[in-house]
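J.: structure here, sequence nowhere to be found:
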């Protein structure tokens, strides 16, 4: 249930980053499939043609830049408190979420592996940065002092 979600999660994250960066209506993003309107909206504003692959790549560049900034400030997102009630620790004893515990560690690990980021420090690998055309961050990411979790 919790394995195999990383690609879809990364596409959602990337698409949301583009929607936010472009100043588009988040409500519209949640109502309409992005493939139906996002490419045309971006083309109308920029004059550039976008397919969903380019949207994902652009969104991952934005996401990676935000993440790199936070890493340089010493923030490892894996160190953030995950309230136990949100993930079902302990599981609810009644209701629609009875017996459910979210395996967020698997979700995080697979997401980080898909992105090519270290699964303990969340530092992007040199290869993942180069694949996004973000070579300018390689040396910075080698110097960040983010403690592993």
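T.: Right, received. Where do you want to start? Quick caveat, the model's predicted, so the values are computed rather than measured. Residues are numbered from 1 along each chain as shown.
J.: among the helices and strands of the chain, which has the poorest mean pLDDT?
T.: helix 26-31 (a mean of 78; mean pLDDT, DSSP states H and E).
J.: which residues touch that one?
T.: By Cβ atoms under 8 Å, 6 or more residues apart in numbering, the residues outside helix 26-31 that reach it are 15, 16, 19, 20, 37, 38. Bear in mind the C-beta positions are built from the backbone N, C-alpha and C, glycine included.
J.: and which of the residues you listed is nearest residue 57?
T.: residue 15 (11.2 Å; Cβ to Cβ).
J.: please look at that closest one and residue 34 and confirm they touch.
T.: Yes - Residue 15 is within contact range of residue 34, at 5.1 Å (criterion: Cβ atoms under 8 Å).
J.: report the longest helix in the chain, please.
T.: Secondary structure of the chain per DSSP state H: the longest helix is helix 52-72.
J.: show residues contacting the helix or strand following that helix.
T.: Note on helix 52-72: by DSSP states H and E, the next helix or strand toward the C-terminus is helix 84-87. The contact list for helix 84-87 (Cβ under 8 Å, 6+ apart) reads 90, 101, 102, 104.
J.: got it, and stretch 119-126?
T.: With Cβ under 8 Å, 6+ apart as the test, stretch 119-126 has contacts from 64, 67-68, 71, 76-78, 108-109, 112-113, 115-118, 137-138, 141-142, 144, 146-149.
J.: quick one: buried residues of the helix or strand hosting residue 41?
T.: Residue 41 belongs to helix 34-46 when elements are defined using DSSP H and E. Within helix 34-46, the residues that qualify as buried by neighbour count (16 or more other Cβ atoms under 10 Å) are 34, 38, 39, 41, 42.
J.: show me where pLDDT drops low in this structure?
T.: Counting by pLDDT under 70, the chain contains low-confidence ranges at 145-149.
J.: what about residue 136, distance to residue 116?
T.: 17 Å (Cβ to Cβ, to the nearest Å).
J.: which of the two has more neighbours?
T.: The residue with more neighbours, out of residue 136 and residue 116, is residue 116; 15 against 9, by other Cβ atoms under 10 Å.
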